[in-house]
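Student: could you work out the structure for the sequence below:
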Amino acid sequence: MPVPPGSATPSVRVRLDKWLWAARFYKTRALSADEIDKGRVHVNGQAAKPSREVRTGDTIELRSSDGTRTIVVRGISGVRGPAPVAAMLFEETEASIALRVEAAERRRLAPEPAHSQPIGRPTKRDRRDIDQLRGRPGAAPWNDRWSASVDD
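Tutor: Just a heads-up that it's a prediction; the model follows:
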C-alpha cells in the first residue's frame, strides 16, 4: 500500500523474539522465545515477553553462559538476512565489549581443566607401588617375584 506524500511513514512492528532471530542472536525463533521466557532477556531494564514490540533506541540485555551483552537497537527487521545486514540492526555498548574482551582474556589465561586433576586411574606400576606400601601379602617387588636368572 503506497504512502501518501507528506504523511509519516508507517512504523514497522516486530516482535522481540522475531527481531532477536533476525539479528542472528539465536538460531531459531523458538530458541529466542525460550530465552526470553526464561528471563534472560531484558529490554530497557525490564523483563520482557516474546510478543513485546522492539523500537529503535531500545536497550536490550542478553544473558548467556558467556556473560551479559548489552546492545542498542539501531534498525528494525523481521526478516532474517545475511550476517552483515543483521549486524547493522544493533550496536553493542562499549562497556559490554570491554567486559566480553576481559572475559575472553580470563578464559585464555585460565589453567587447563584436565590439569586440575593430579592423577587419574592408577597405572599397573602405581598399583604395584600401592600394594607394596600397604604391605599386602604376595605383593613382593616385581624383581623379586620374577627373575630371568637360572639360579634356584
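Student: what segments of this structure are helices?
Tutor: Here the chain has its helices, by DSSP state H, at 16-22, 29-37, 83-87, 94-109, 124-134, 142-145.
Student: give me the contact list for the first one.
Tutor: It refers to helix 16-22. With Cβ atoms under 8 Å, 6 or more residues apart in numbering as the test, helix 16-22 has contacts from 14, 26, 28-29, 31-33, 35-36, 41, 43, 48-54, 60, 62, 73, 76-81, 86, 89. Just so you know, the C-beta spots here come from the backbone N, C-alpha and C atoms, and that holds for glycine as well.
Student: filter these down to the ones in strands?
Tutor: Among the contacts of helix 16-22, the members found in strands (DSSP state E) are 41, 43, 60, 62, 73.
Student: touching, the first one and Ile60? I think so.
Tutor: Yes - under the contact definition of Cβ atoms under 8 Å, Val41 touches Ile60, with a separation of 6.6 Å.
Student: between these two, point out the one with more neighbours.
Tutor: More crowded of Val41 and Ile60, by other Cβ atoms under 10 Å: Val41, with 25 against 21.
Student: spit out the contact partners of the more buried one.
Tutor: Counted by Cβ under 8 Å, 6+ apart, Val41 has contacts 16, 20, 32, 35, 48, 60-63.
Student: if any of the residues you listed are buried, give me the ChimeraX selection for them.
Tutor: This is how ChimeraX selects the buried members of the contacts of Val41, with burial counted by 16 or more other Cβ atoms under 10 Å:
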select :16,20,32,35,48,60,61,62
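Student: between the contacts of Val41, which sits nearest Ala103?
Tutor: Taking Cβ to Cβ as the measure, Arg63 is the one of the contacts of Val41 closest to Ala103, at 12.9 Å.
Student: show me the contacts for the closest one.
Tutor: Contacts of Arg63 by Cβ under 8 Å, 6+ apart are 40-41.
Student: look up the pLDDT of it for me, please.
Tutor: In the predicted model, Arg63 carries a pLDDT score of 94.
Student: thanks again, I'm all set now.
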